[in-house]
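1. Curious how this folds, go ahead:
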Amino acid sequence: MRNLDEHTITQAVLARNANTSDERLQQIMTSLVQHLHAFARETQLTEQEWEKGIEFLTAVGQICTPTRQEFILLSDTLGLSTLVTAQNHKKPEGCTEATVFGPFHVQGAPRYDLGQDISCGLPGVPWYIKGQVRDISGAPVPNAILEVWQADDAGFYDVQKPGLDPHDYQARAILQADSEGFYHFKTIVPECYPIPHDGPVGKMLQAMNRHPWRPAHLHFMIISPDHERLVTHVFREGGEYLDSDAVFGVRSSLIADWVEHPAGLDPYGLPCPTYFFTLDFDFVLNPVSR
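-> I've put the predicted structure just below:
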């Protein structure tokens, strides 16, 4: 393997990688090497451009923290996250569609009882959400676990705020649906927001003349032992950026009416001194193949 050149290097690398006992790893690495080398040939990549690429990926890694995942942002903004999600979550018609996971989920979210206010004191317009978790046949999915997280009314997630302690989590919760699959809780209306764009991914978007904004949405992850895990959003009908989401996460089936109500009695029969919103959204899970 001496005296390699631009015509022989690809096969040399593939031959060097041929001894792995992991067939799937070999398939992935073979395709990766072939596509990377083809990209360099097609674009006639210069050494200076290659160095800039390495600097960019280094910067992406350096800005990552336990509460900021710049590589997920990079994957999201390049459409890779949506591609992988779509490939891996083909479902029968009628099931709730999956969409991107996003970079702001955290482990150890607080648990709440049904009906509680998960905003944990955040200011904002009250929002009451309810619905049912069912399977594709229409049968209720009892006791499903719903993990919920969202931005606040200024477009920030709790983990974006300095000095956050896990005991201070706001607008994220783990709930359990009842024996008939029904769930309900209170929170505040989230606003659209820009993804973090003060780092390398933001510089990339600026260079490509792209905006960093996401439409207003509420994240859900729903888990039931006999069904495929669902990771999805619910978006606001008529909201901004539905057709230009920076991370390509919008699906028409996930857009719903967030209904405005005047001040008065809330859905629990309690006085609400300000206007408020409600959302009624059902989720349909796909059974696990046995």
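2. what comes up buried for the longest helix seen in the chain?
-> In the chain, with assignment by DSSP state H, the single longest helix is helix 23-43. Neighbour-count burial for helix 23-43, counted by 16 or more other Cβ atoms under 10 Å, picks out M29, V33, H37, A40. Yep, even glycine has a C-beta here, placed from its N, CA and C like the rest.
3. What is the nearest of the residues you listed to F281?
-> Using Cβ to Cβ, M29 comes nearest to F281 of those, at 41.7 Å.
4. pLDDT score assigned to the closest residue to the closest one other than its chain neighbours?
-> Excluding the flanking residues, the one nearest M29 by Cβ to Cβ, 6 or more residues apart in numbering is N17, at 5.4 Å. N17 carries a pLDDT score of 94 in this model.
5. just the helices in the stretch 51-200 of the chain please.
-> With DSSP state H, counting those that start in this stretch as the criterion, the stretch 51-200 of the chain has helices at 70-77, 80-88, 200-207.
6. which residues touch the first one?
-> The reference is to helix 70-77. Contact partners of helix 70-77, identified using Cβ atoms under 8 Å, 6 or more residues apart in numbering, comprise 60-61, 63-64, 81-82, 100-103, 195-196, 199-201, 204-205, 210, 246-249.
7. before we move on, the earlier item: could the buried residues of helix 23-43 go into CSV alongside distance to L270?
-> CSV is the format used below for the buried residues of helix 23-43 (distance: Cβ to Cβ, whole Å):
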residue, distance to L270
M29, 59
V33, 62
H37, 64
A40, 64
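8. Could you dump those residues into a markdown table with pLDDT added?
-> Output for the buried residues of helix 23-43, formatted as a markdown table (pLDDT from 0 to 100):
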| residue | pLDDT |
| --- | --- |
| M29 | 97 |
| V33 | 97 |
| H37 | 97 |
| A40 | 97 |
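9. which one among those residues gets closest to E147?
-> The closest of the buried residues of helix 23-43, once distances to E147 are taken by Cβ to Cβ, is M29, at 33.8 Å.
10. Other residues contacting the lengthiest strand in the chain?
-> The residue-count maximum for a strand in the chain (DSSP state E) belongs to strand 126-135. Where contact means Cβ under 8 Å, 6+ apart, the residues beyond strand 126-135 that reach it are 140-141, 144, 146, 177, 180-189, 218, 222, 224, 227, 258, 266-268, 272, 274, 276-287.
11. Repeat that for stretch 17-35.
-> T10, V13, L14.
12. and with 10 Å instead?
-> Here stretch 17-35 makes contact (Cβ atoms under 10 Å, 6 or more residues apart in numbering) with I9, T10, Q11, V13, L14, R16.
13. What is the burial count for V141?
-> 21 (other Cβ atoms under 10 Å).
14. ditto for A144
-> Neighbours of A144 under the rule other Cβ under 10 Å: 26.
15. Next one, pLDDT for it please.
-> A144 is given a pLDDT of 98.
16. distance of it from E97?
-> 17 Å (Cβ to Cβ, to the nearest Å).
17. How about the contacts made by G155?
-> Counted by Cβ under 10 Å, 6+ apart, G155 has contacts P190, E191, C192, Y193, P194, W213, R214, A216.
18. what's the answer for I223, then?
-> Contacts of I223 (Cβ under 10 Å, 6+ apart): A144, I145, L146, E147, I174, R229, L230, V231, L285.
19. same check, this time on D168
-> By Cβ under 10 Å, 6+ apart, D168 lies in contact with P110, C120, G121, D158, K161.
20. Tabulate the contacts of stretch 17-35 (TSV), appending distance to L73 and secondary structure.
-> Below are those laid out as TSV (distance: Cβ to Cβ, whole Å; DSSP: H, G, I helix; E, B strand; the rest coil):
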residue	distance to L73	secondary structure
I9	32	helix
T10	31	helix
Q11	35	helix
V13	30	helix
L14	32	helix
R16	33	helix
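21. hmm, back to that, so which of the buried residues of helix 23-43 comes closest to E93?
-> M29 (36.1 Å).
22. Tell me which other helices or strands the helix or strand hosting V284 touches.
-> Using DSSP states H and E, V284 sits in strand 283-285. Contacts defined by 3 or more Cβ pairs under 10 Å, 6 or more residues apart in numbering; DSSP states H and E place strand 283-285 against strand 126-135, strand 217-223, strand 230-236.
23. quick one: which of these is nearest D5?
-> Nearest of those (Cβ to Cβ): strand 230-236, 45.9 Å.
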